[in-house]
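S.K.: Got a sequence here, can you build the structure:
(chains A and B)
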Amino acid sequence: MRAPGGPEVSVGDVLLAVEDVSLSFGGVKAVSNVSFDIRKGEIRAIIGPNGAGKTSMLNIINGFYHPQQGRITFKGETRSQMRPHEAAFGGIARTFQNVALFRGMTALDNIMAGRTLKMNSNFFWQLLRYGPAMTEEVEHRHFVEGIIDFLKIQEIRRVPVGRLPYGLQKRVELGRALAMEPDLLLLDEPMAGMNLEEKEDMSRFVLDVNDHFGTTIALIEHDMGVVMDLSDRVVVLDHGIKIADGTPDDVKSNQAVLDAYLGVAH
Amino acid sequence: MGPLYQIFVDPFVQMAQAPDLLVQTLWEGLVGGMLYALIALGFVLIFKASGVFNFAQGIMVVFAALTLVGLHSAGVPAFLALGLSIAVMFALAFTVERVVLRPLINQPDIILFMATFGITYFLIGFGEFVFGGDPKVMIADQLYLPKGTVTYKTLGGVVSLQKMDIAAAVIASIMVAGLAVFFSKTRIGRALRAVADSHSAALSVGISLEQIWVIVWFAAGLVALVTGIFWGARSDVSFALDVIALKALPVLILGGLTSIPGAIVGGLIIGIGEKIGEFYWGPLIGGGTDSWFAYVIALVFLLFRPQGLFGERIIERV
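M.R.: Just a heads-up that it's a prediction; the model follows:
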């Protein structure tokens, strides 16, 4: 998505920017003075070795962690920290490294839970399951069925997710995030623990989401091949510090990145 | 007659010979069991939504009943006092969330469990301070709860049912049905089950934990109030009532900590089992079985179903 004319200009306006963000737990610095931005419509990868602070970064963006220092600008509004509810309401959805689904519920109910914030009929009607609440439920159900078709999980909609294999659980989790119609989708290792075929499926879903719905995506991933194929821009963290930021090609040839991944002779 | 005959045959012969007594015993067990079920329900509601085993549930029953009676004796009309008691239970839920749960968010379960001990002793002290420690009489008449008994001549004898117990059964059933619909069919109910399964996932879809906690503690408070009214009407309202909370433990073991139907069925089994055991087998060992028989029933069930009757089977992926 290069704009014609300017060679440097990629994608759209800045959707979310973190500036000079630091987070520590007691004496342990998880993230130190990190700044980067995520632009509308792009797929932005956050990579780095284990313990680099990638997941902490996602948790800061959707308000699970509150940084001690720094600013977060989302949709033009600057604040020192997000709150989970604010983030969800503002259109940030996410998946988790170790699948966090509602295990007792069916795949369908899990994805419906993603519509929580979109439902607003009053409580009384809901209790009666009549009138506005019924119409609303039907509309949301329709939307959710669309997502189920998109992710090709029609056969498992009535299955409690605790019983599903891991790869499908990850897909349901993605479905729940998509049900929120997010402006920004955070994916924490969407392909972790998957076999090659599942990885390819998931990669295609990520690209399709980006293409069809124009959803901006920030993802953490360990598989370098996947990262290089999917992402428009990559930010690299190591020990909580940003060591590189740029296109996949830039990052691949960056000496600091190579050192972080392969180790340096001291 | 050998002891084996006395244990395994004679009680059943008695049951067959006097079916009216059996029905009477079953009914009394059913009513008692329903009240156990209500207390267990309060535990389950809170445990499901927050993973907290709320030790204070028993004292909440007493506190709710005491508030109702105390307000009435201070000159507030009965139904206004009922409304105010509901408001007090809401205030309690709100305060617990603000003062206890929110600061302890993400702490281990055992810490939250200990915190509910704190709530228990606070409620005892606060209740005694405001309403006094002497036993009080439940304002059953003023709330237009029916009095007297209905007598049926059947099965070659007489079965008499307390009208109050019938009312308790009806109201408890309505309340349980209402809660069941609420939790399975509404958005808030779905959010509540979501919170029960995963806090972080619930947060990520925009469910507010704070709001859900206030709702479940309030629901548990309402259940406590209803339980307190009927239990208080059977005996009287005093802090001695909190021992009934201990009766909820075997019910929970039996029904599983996370299951609303489990709490109900478990409560009924314990209530009926306890009465039958006391009436037919109690005399063999000189009576006094009611304080421990419930635990024996729970233990026997545990041998066969460690997760309880309706508890979720724990499947661990390795």
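S.K.: dump the residue contacts of A:I60.
M.R.: Neighbour list for A:I60: A:V18, A:V21, A:L23, A:V31, A:H66, A:P67, A:I72, A:Q81, A:M82 [criterion: CB atoms under 8 Å, 6 or more residues apart in numbering or on different chains]. Just so you know, the C-beta spots here come from the backbone N, C-alpha and C atoms, and that holds for glycine as well.
S.K.: Run a quick neighbour tally on the first one.
M.R.: To tie it back to what came earlier, the one meant is A:V18. A:V18 has 22 neighbours, counted by other CB atoms under 10 Å in any protein chain shown.
S.K.: Assumed it was part of a helix.
M.R.: No: A:V18 sits outside any helix when classified using DSSP: H, G, I helix; E, B strand; the rest coil, being strand.
S.K.: Which residue, other than its chain neighbours, is closest to it?
M.R.: Distance criterion CB to CB, 6 or more residues apart in numbering or on different chains; nearest residue to A:V18, sequence neighbours excluded, is A:I72 at 5.4 Å.
S.K.: Neighbouring strands of the helix or strand containing that neighbour in the sheet, and parallel or not?
M.R.: Using DSSP states H and E, A:I72 sits within strand A:69-74. Strand A:69-74 sits in its sheet next to strand A:14-25 (antiparallel), strand A:77-79 (antiparallel), going by DSSP bridges.
S.K.: tell me how far the shortest one is from the chain's mean position?
M.R.: Once both centres are worked out by CA atoms, centre = their mean, to the nearest Å, strand A:77-79 turns out to sit 20 Å from its chain's centre.
S.K.: tell me the mean pLDDT for the helix or strand immediately after it in the chain?
M.R.: Downstream of strand A:77-79, the next assigned helix or strand under DSSP H and E is helix A:84-90. Mean pLDDT, helix A:84-90: 87.
S.K.: Tell me the residues of the stretch 101-250 of chain B that contact chain A?
M.R.: B:181-182, B:185-188, B:190-191, B:193-194, B:196-198, B:200-208 (CB under 8 Å from any CB of the partner chain).
S.K.: Give me the buried subset of those.
M.R.: Buried members of those, counted by 16 or more other CB atoms under 10 Å in any protein chain shown: B:182, B:185-188, B:190-191, B:193-194, B:196-198, B:200-208.
S.K.: The residue nearest to A:V18: what's it in contact with?
M.R.: Taking CB under 8 Å, 6+ apart as the criterion, A:I72 is in contact with A:L16, A:A17, A:V18, A:E19, A:V21, A:I60, A:I61, A:T78, A:R79, A:S80, A:Q81, A:M82.
S.K.: Assign a three-state SS to residue 152, would you?
M.R.: No chain specified, so I'll use chain A. What three-state DSSP gives for A:K152 is coil.
S.K.: not quite, I wanted chain B
M.R.: strand.
S.K.: check contacts around the residue nearest the centre of chain B.
M.R.: Among the residues of chain B, the one closest to the centroid is B:I39, at 1.2 Å (CA atoms, centre = their mean). Contacts for B:I39 were tallied using CB under 8 Å, 6+ apart; they are B:Q57, B:G58, B:V61, B:V223, B:A224, B:T227, B:I244, B:A245, B:K247, B:A248, B:V251, B:G267.
S.K.: care to break chain A down by domain?
M.R.: Using automatic domain parsing, the domains assigned to chain A come out as A:1-91+A:183-266, A:100-181.
S.K.: Dump those into TSV; add distance to B:A294 as well.
M.R.: Output for the domains of chain A, formatted as TSV (distance: least, CB to CB, whole Å):
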stretch	distance to B:A294
domain A:1-91+A:183-266	42
domain A:100-181	28
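S.K.: Need the contacts of A:I72 in a markdown table (columns: distance to A:R103).
M.R.: Below are the contacts of A:I72 laid out as a markdown table (distance: CB to CB, whole Å):
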| residue | distance to A:R103 |
| --- | --- |
| A:L16 | 30 |
| A:A17 | 36 |
| A:V18 | 32 |
| A:E19 | 38 |
| A:V21 | 33 |
| A:I60 | 27 |
| A:I61 | 25 |
| A:T78 | 37 |
| A:R79 | 33 |
| A:S80 | 35 |
| A:Q81 | 30 |
| A:M82 | 27 |
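S.K.: What's the PyMOL line that selects buried ones from the residues you listed?
M.R.: Buried residues within those, by 16+ other CB under 10 Å, are selected in PyMOL with:
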select buried, chain A and resi 16+17+18+21+60+61+81+82
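S.K.: where's the residue nearest to the centre of chain B, which helix or strand?
M.R.: helix B:19-50.
S.K.: chain center to stretch A:257-266: distance?
M.R.: The chain centre lies 28 Å from the centre of stretch A:257-266; the measure is CA atoms, centre = their mean.
S.K.: any residues touching that stretch, and which ones?
M.R.: Residues contacting stretch A:257-266 (CB under 8 Å, 6+ apart): A:G48, A:P49, A:A52, A:V236, A:D238, A:I243, A:A244, A:V251.
S.K.: Apart from its chain neighbours, what residue comes closest to the last one?
M.R.: Translated: A:V251. Excluding its sequence neighbours, the residue lying closest to A:V251 (CB to CB, 6+ apart) is A:V234, at 4.6 Å.
S.K.: average pLDDT across stretch B:189-202?
M.R.: The average pLDDT within stretch B:189-202 is 82.
S.K.: Hmm, I typed the wrong one, I wanted stretch B:240-258.
M.R.: Mean pLDDT, computed over stretch B:240-258, is 78.
S.K.: Now do the buried residues in it.
M.R.: Using 16+ other CB under 10 Å as the test for burial, stretch B:240-258 gives B:241-242, B:244-245, B:247-258.
S.K.: All the strands of the stretch 51-200 of chain A, residue numbers only.
M.R.: Assigned by DSSP state E, counting those that start in this stretch, the strands in the stretch 51-200 of chain A fall at A:69-74, A:77-79, A:92-94, A:184-188.
S.K.: Tell me the predicted confidence for residue 59.
M.R.: Using chain A here. pLDDT at A:N59 comes out at 91.
S.K.: please go with chain B instead
M.R.: At B:I59, pLDDT is 89.
S.K.: Which of the buried residues of stretch B:240-258 fall within helices?
M.R.: B:I244, B:A245, B:K247, B:A248, B:L249, B:P250, B:V251, B:L252, B:I253, B:L254, B:G255 (DSSP state H).
S.K.: any idea how far the third one is from chain A?
M.R.: Think B:K247. Taking CB to the nearest CB, to the nearest Å as the measure, B:K247 falls 27 Å from chain A.
S.K.: From A:V159, how far out is A:L168?
M.R.: Note on A:L168: its distance to A:V159, by CB to CB, to the nearest Å, is 9 Å.
S.K.: For the host helix or strand of B:F12, give the mean pLDDT please.
M.R.: Per DSSP H and E, B:F12 falls inside helix B:10-17. On average, the pLDDT along helix B:10-17 is 80.
S.K.: Show me the contact partners of it.
M.R.: With contact meaning CB under 8 Å, 6+ apart, helix B:10-17 is reached by B:M1, B:L21, B:L22, B:Y280, B:W281.
S.K.: Can you tell me which of the residues you listed has the most neighbours?
M.R.: Scoring the contacts of helix B:10-17 on neighbours with other CB under 10 Å, the highest-scoring entry is B:L22 at 20 neighbours.
S.K.: Just the pLDDT for that one.
M.R.: For B:L22, the model assigns a pLDDT of 86.
S.K.: mind checking how far it is from B:L284?
M.R.: Using CB to CB, we find B:L22 at a distance of 17 Å from B:L284.
S.K.: By proximity to chain A, which residue of chain B wins?
M.R.: Here chain B gets closest to chain A at one residue, B:G206, 3.0 Å apart by CB to the nearest CB.
S.K.: Taking their axis directions, the strand or helix carrying B:I166 and helix B:19-50 sit at what angle?
M.R.: Under the criterion of DSSP H and E, B:I166 resides in helix B:163-185. Per axes from the mean of the first three to the mean of the last three CA atoms, to 10 degrees, the angle that helix B:163-185 makes with helix B:19-50 is 40 degrees.
S.K.: Perfect, I'm done here.
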